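Peer 1: I'd like to go over a predicted model; first the sequence, then the structure.
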Amino acid sequence: MGFDSFVANAKAVAAVRDLLATGRVPHGLLFAGPEGVGKRTLAIMLAKALNCERLRDDFCGDCARCQRAQQMLDTTRRDLAARRDLKDSARHAEGFIYFDLQVIEPLTRYILIEQIRQLRSVAYTRPFELPRRVFIIDQAQAVHWQAVDLLLKILEEPPETTILILVCPNPYELRPTIRSRCRRIQFLPVDDATLFKVLEEEGRVPKSERALVARLAAGSVAKAKSFDLGTFRLRRSPWVEFLDCVLAAAPYPNGNLNWKSVFESTRALSENRADLEEMLRIGYSILSDLLKVYEGQDDSRVVNLDLFSHLKQWAPKLGFKGIETLKNGLDEAYRLSSRNVNLQLGFDTLAIELQWLQATKVW
């Protein structure tokens, strides 16, 4: 228990402990960095440490205040889940009750105006049960634009016994006036070795697959812990089939391109609109790996480790021009993903372009 249990981002932990040790915790803090690296977790730890009965620069987790803080968090989590399940959106914000320790999250796409209004009305009152009141605004970039001025007002005139911790991936999505009133603590992606160790301790992922999952987690502890490799491979398989079909055939016009297999792969790439963003993200990861292999890099920087032998076959056949064409095809699919267009036709066209490039040997 305590800050020693926090994984990676030692500089962020040290910065928080220094603030606690000196007793100079500002009324506005901004935890910024990639998703899944522990920003929210460290914010909750700080909230407990600010109220712990026994420790000054840490929290014990066992004292009455630490236990009460955890009860408040559990209650608010259940309340938020229940509110999101309401079919009547007008009732999402009814009857907000904020505890001394509260995590505020988007109820819809946004953190609603009513949520920030309630925060403002409670922030200037004295805590009910704990010495310090802490509000953690998770996904602070999602605060509704009509509520941003209310939030700014609180930061401009901070309450004596209330601390606001804003959590967001990209601080530049927030107004400069909000950023300037918060002490920023920056978080970094977690290195692969640490993620491998986390997976080893968890024991969920077989040893032979841990290095791959660590790469695919892209520096996120949360993603590494929850990563479903089977689902990922199922989503990636149409890309493998697409590239195998297009690049295995002899160049057009004398090629023996298996159009049935191409059509099946392009249909699989485009048929599920709900998963299209993730499908394109996988495509971009393969694209990045292809460029690394084409430049002569080894597998130390390749994300899709289990495809390394495929990548070594695909990259020279594509060449730089082919990799550029593949990127343009992905960019076009992403651009058109929000429109009611036939995306499969675009992927079919991409297959023809890649075949034509092999025939003309532009590179």
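Peer 2: It's in.

Peer 1: residues touching Arg120, list them.
Peer 2: For Arg120, the contact set (Cβ atoms under 8 Å, 6 or more residues apart in numbering) comprises Leu150, Lys153, Ile154. C-betas here are computed from N, CA, C, even on glycine.

Peer 1: same question for Gly2.
Peer 2: Each residue near Gly2 by Cβ under 8 Å, 6+ apart is listed here: Met45, Leu55, Asp58, Phe59, Cys60, Gly61.

Peer 1: against Leu46, how distant is it?
Peer 2: Distance, Gly2 to Leu46, by Cβ to Cβ, to the nearest Å: 12 Å.

Peer 1: and what of Pro106?
Peer 2: Between Pro106 and Leu46 the distance is 21 Å, computed by Cβ to Cβ.

Peer 1: please say which of these two ends up with more neighbours.
Peer 2: The neighbour comparison of Pro106 against Leu46 (other Cβ atoms under 10 Å) goes to Leu46, with 25 against 19.

Peer 1: okay, now the unreliable bits of the stretch 201-350 of the chain?
Peer 2: Scanning the stretch 201-350 of the chain with the threshold set as pLDDT under 70 gives 249-256.

Peer 1: tell me where it has helices.
Peer 2: Along the stretch 201-350 of the chain, the stretches classed as helices by DSSP state H, counting those that start in this stretch are 207-216, 221-226, 229-248, 259-270, 276-294, 308-336, 343-360.

Peer 1: adding mean neighbour count and distance to Val198, write those out as TSV.
Peer 2: As requested, the helices of the stretch 201-350 of the chain are exported to TSV (neighbours: other Cβ atoms under 10 Å; distance: least, Cβ to Cβ, whole Å):
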stretch	mean neighbour count	distance to Val198
helix 207-216	18	8
helix 221-226	18	6
helix 229-248	17	15
helix 259-270	18	32
helix 276-294	19	21
helix 308-336	17	23
helix 343-360	18	36
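
Peer 1: list just the one of those that sits closest to Pro131.
Peer 2: Smallest distance to Pro131 across those (Cβ to Cβ): 30.3 Å, for helix 221-226.

Peer 1: could you dump the contacts of Gly2 into JSON lines with secondary structure added?
Peer 2: Shown next, in JSON lines, are the contacts of Gly2 (DSSP: H, G, I helix; E, B strand; the rest coil):
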{"residue": "Met45", "secondary structure": "helix"}
{"residue": "Leu55", "secondary structure": "coil"}
{"residue": "Asp58", "secondary structure": "coil"}
{"residue": "Phe59", "secondary structure": "coil"}
{"residue": "Cys60", "secondary structure": "coil"}
{"residue": "Gly61", "secondary structure": "coil"}
